[in-house]
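Engineer: I'll drop the sequence and a predicted model, then ask my questions.
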Amino acid sequence: MSAVPGGNAVAGVPELGGGVVVPGGAVVPTGAGVVVVGEADVEARVASDLGSPPPHAASATNASEANATTTAVVRGARTVAKSDSLATMGVWTAVCEFIASFTRRAITAPGAAPAHPADFPDPHVLRTGARYFAYGTQTGSTNVQVMTSTDFEHWRHLGDALPELPAWAAAGRTWSPSVLALGDRFVLYYAVREPQSNRQAISAAVGGDPAGPFVDGSSGPLIFQLERGGSIDPSPFVDDDGTAYLLWKSEDNALDRRSSLFGQRLSADGLSLVGEPVELLGHDRGWEKPLIEAPSAVRSGDTYFLFYSANWWESPDYTVGYATAKSPLGPYRKATRRRPWLVSGATAAGPGGQEFFTDASGALWMAYHAWAPGRVGYRGGGARSLRIAPVGFEGGRPVLRPR
């Protein structure tokens with residue numbers, strides 16, 4: 001039994017279907033609209049198996065270079081394995097994956113149309129019975145967008161789920177909403193502007209209907225890391241034992257520092273935090289520059305997957321990576337150390353803002369936003385439209401499946 005955000009139960013991890021194998025053994029489906037780049041990080045894998053990484057060559061750009069690299073990697077791995085007398089299967093699996101990353105090229109999948117073509121950034125989807133509710137970042141005077149659907153294909157916009165902000169908050173930057181189901185109550189987490197500092201803070205509102213209206217009666221923020229530039233992107237995660245956590249991003253990049261992702265246990269009513277916040281991940285990869293953000297978590301078996309968006313949101317280089325751990329608050333190790341997991345494709349540019357949910361059968365899905373290629377950014381008339389794709393796990397790695 002797996003757990004996902006928002007309290008939706010997962011009746012097992014879905015099996016994979018079709019797709020094209022790309023570097024690292026990941027699968028690119030034929031309808032996802034993005035490229036999934038598998039992370040064949042032999043350095044990390046061999047370090048885990050042998051205690052030290054093997055030598056490895058630079059990326060090959062053609063077949064002859066790939067063959068030379070294959071020989072060098074295999075010889076290097078043999079040398080390390082023999083010297084440590086630990087020629088384990090794990091080492092050779094890592095070597096094969098590493099070789100695959102040079103000999104196979106990523107294929108851009110022919111994407112499907114957006115689930116909702118209008119601007120709907122930072123989407124979060126919650127299932128209640130046979131209905132789905134999607135929440136999105138502010139557009140115009142609507143603080144929190146909310147839509148409903150029964151099939152992911154046809155969405156009806158319901159207006160503003162949070163028509164009034166608390167007295168301490170200011171309108172204009174109400175971002176990244178997410179909803180946690182707690183019995184017959186629903187808690188909406190969102191980022192909002194704190195006017196005295198002009199920084200972002202996280203607050204919580206309560207409602208009896210997933211469509212809203214939600215009411216925030218707080219006298220101050222739930223989370224406000226002013227010394228770190230503020231706090232945004234709240235995302236709830238419920239573990240198999242029913243324990244709820246909240247993940248978020250510190251806005252260090254607003255202070256020209258490297259941003260980080262945090263997590264902390266939630267109280268039973270979802271309106272306060274228990275214990276101390278834990279720093280889960282930091283920005284330390286070149287492809288992530290200038291920031292990481294939008295954390296969201298999924299559990300598959302005994303492994304916790306922490307997904308995050310990286311690079312700049314108003315760019316085709318915006319992308320998704322992930323890290324893994326054996327407990328919900330880590331320690332996490334980045335699986336996408338050399339390159340991201342999810343990148344722009346033929347019909348989806350700058351994918352990110354990912355959140356996960358399950359359908360009525362227990363199958364796992366990912367909601368995310370993306371621009372249309374060639375129309376990236378609001379100045380060019382672009383929109384971050386809602387995209388939805390099924391997700392599976394292959395060899396301990398997440399993959400997108402065909403719809």
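Structural biologist: Received it, and whenever you're ready, just let me know what you need. If you're wondering where the values come from, they're calculated on a predicted model, not measured in any experiment.
Engineer: Please work out which helix or strand belonging to this protein has the smallest mean pLDDT.
Structural biologist: strand 20-22 (a mean of 32; mean pLDDT, DSSP states H and E).
Engineer: buried ones in the top strand by length along the chain?
Structural biologist: Longest among the strand segments of the chain by residue count, using DSSP state E, is strand 170-182. Of all the residues in strand 170-182, those buried under the rule 16 or more other CB atoms under 10 Å are Arg173, Thr174, Trp175, Ser176, Pro177, Ser178, Val179, Leu180, Ala181, Leu182. Quick note: C-beta positions are derived from backbone N, CA and C, even for glycine.
Engineer: Next: stretch 295-303.
Structural biologist: Those would be Pro295, Ser296, Ala297, Val298, Arg299, Ser300, for stretch 295-303 by 16+ other CB under 10 Å.
Engineer: Which SSE is immediately downstream of the strand or helix carrying Gly263?
Structural biologist: Assigned by DSSP states H and E, Gly263 belongs to strand 260-266. Proceeding N to C from strand 260-266, the next assigned helix or strand is strand 273-282, under DSSP H and E.
Engineer: In CSV, list the C-alpha atoms belonging to the helix or strand following that next one.
Structural biologist: Sequence-wise, the next helix or strand downstream of strand 273-282 (DSSP H and E) is strand 292-300. Taking C-alpha atoms only, strand 292-300 is exported to CSV below (Å, rounded to 0.1, in the frame of the first residue of the first chain):
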residue,chain,number,x,y,z
ILE,A,292,14.8,24.4,-6.7
GLU,A,293,11.2,24.6,-5.6
ALA,A,294,7.8,22.9,-5.6
PRO,A,295,8.4,19.8,-3.5
SER,A,296,6.0,16.9,-3.6
ALA,A,297,6.3,13.4,-2.3
VAL,A,298,5.2,9.9,-3.1
ARG,A,299,5.9,6.6,-1.4
SER,A,300,6.4,3.4,-3.4
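Engineer: Please name the residues that touch Val215.
Structural biologist: Going by CB atoms under 8 Å, 6 or more residues apart in numbering, Val215 touches Glu164, Ala205, Val206, Gly207.
Engineer: can you map out the helices along the stretch 51-200 of the chain?
Structural biologist: All helices of the stretch 51-200 of the chain, identified by DSSP state H, counting those that start in this stretch, fall at 63-84, 89-103.
Engineer: how close does the closest residue to Gly282 other than its chain neighbours sit to His157?
Structural biologist: Once flanking residues are discounted, Gly282 sits nearest to Ser260: 4.7 Å by CB to CB, 6 or more residues apart in numbering. In this view, Ser260 and His157 are 34 Å apart by CB to CB, to the nearest Å.
Engineer: related to what we said a few turns ago, check the offset of the strand holding Gly263 from the chain's centre.
Structural biologist: Centroid separation for strand 260-266 versus its chain: 14 Å, with CA atoms, centre = their mean, to the nearest Å.
Engineer: pLDDT of that strand, averaged?
Structural biologist: Averaging pLDDT along strand 260-266 yields 98.
Engineer: So what are the sheet partners of it and their directions?
Structural biologist: strand 244-250 (antiparallel), strand 273-282 (antiparallel) (DSSP bridges).
Engineer: Gly396 is nearest to which of the ones you listed?
Structural biologist: strand 273-282 (18.7 Å; CB to CB).
Engineer: what residues go with each domain of the protein?
Structural biologist: Following automatic domain parsing, the chain resolves into domains at 2-20+25-34+109-400, 40-103.
Engineer: Deepest-packed of those domains, please.
Structural biologist: Across the domains of the chain, averaging neighbours per residue (mean count of other CB atoms under 10 Å) puts domain 2-20+25-34+109-400 on top, at a mean of 20.
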